[in-house]
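Only the shape, not the letters, is given here:
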């Protein structure tokens, strides 16, 4: 799924430069696929490496090693660019010690809408706060076989939000109660049995019908309810099919680069805004994507790979710990 993840990151980037497709925000559609992929990958990670309650803490450490190195790099770079190149902008106003302190833990960024922090320093990182909320919950849903209940509750919240009875943007896109079922659809696709495939298939069909109803005006279009339903309808079949392809090193490399692209495109945009303050033409959009890709390649090799080795060592240690000692062994 590496190429797909890179494509999703590029869609997020161009959406932040004002690009839309037929009036739809491609970045939101892409984020929904990221949620599905996250559910799939986290389930795989837990079942293969952290499948007991005593290993939940190590799972959290694994996730911190995944998120933080590049986040910290690009957050600091963004702060420096804003400080020295964008004085007097809304980003500069957001560059306070309080906002920096509340942004660095990542988790509060997922609740920026409640005034806990301001996301303008590195805007895409709000979704990392949402991811962290999922990471905190998913080990227990798997270990205590509670995914079904959580799925039903989340679908209910999402439908109430999509129909406009509660805030559609918050509870139908940005907060975990309304999108947990999207993560869990990806979870059900890992080693999918009949029940998981049935849940994913029904969810895809219902999302497709909801999207059609929104487009046709049967259901009122509200902030991102069309994009989220489209993202589910497209993302679930895509992840299901791509997860069955054979491993390829180039695909893995491009997938690894995608995280940097997701994070750093705003840093590139901030720099260009300082020296090239014009509208986002096709040339500028292409320039941002090329520079973002190149920068991500550098940060992957110099920042991400060392952390990746630590994560692999952590998982190897857990697997060795859980392998029973041979009969008659003196190991205690």
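It's in. If you're wondering where the values come from, they're calculated on a predicted model, not measured in any experiment. Residues are numbered from 1 along each chain as shown.

Count the residues that sit near the residue nearest to residue 90 when sequence neighbours are not counted.
Among residues not flanking residue 90 along the chain, residue 120 sits closest, at 5.8 Å (Cβ to Cβ, 6 or more residues apart in numbering). Where you see a C-beta, it was placed from the backbone N, CA and C, and this is true even at glycine. Residues near residue 120, counting by other Cβ atoms under 10 Å, number 19.

what do you get for residue 63?
Neighbours of residue 63 (other Cβ under 10 Å): 19.

which stretch of helix or strand covers the residue lying closest to it once chain neighbours are set aside?
In this structure, residue 63 finds its nearest non-sequential neighbour in residue 135, 4.8 Å apart by Cβ to Cβ, 6+ apart. Here residue 135 sits within helix 126-143, counting by DSSP states H and E.

Average pLDDT for that helix, rounded please.
The average pLDDT within helix 126-143 is 97.

what's the average pLDDT for stretch 229-244?
Per-region confidence: stretch 229-244 scores 97 on mean pLDDT.

which outside residues touch it?
Identification of contacts with stretch 229-244 by Cβ atoms under 8 Å, 6 or more residues apart in numbering yields 1, 4, 24, 28-33, 36-37, 40, 162, 182, 185-186, 189-190, 192, 200, 203-204, 207-208, 210-211, 214.

Please enumerate residues in contact with the helix or strand following the helix holding residue 135?
Using DSSP H and E, the helix or strand that follows helix 126-143 in sequence is helix 147-162. Helix 147-162 is contacted by residues 137, 141, 166-168, 170-172, 176-181, 184, 187-188, 199, 210, 219, 222, 225, 228-229 when judged by Cβ under 8 Å, 6+ apart.

what comes up buried for helix 147-162?
Neighbour-count burial for helix 147-162 flags 147, 150, 151, 154, 155, 157, 158, 161, 162 (criterion: 16 or more other Cβ atoms under 10 Å).

before we move on, what about stretch 197-206?
Going by neighbour count (16+ other Cβ under 10 Å), the buried part of stretch 197-206 is 199, 200, 203, 204.
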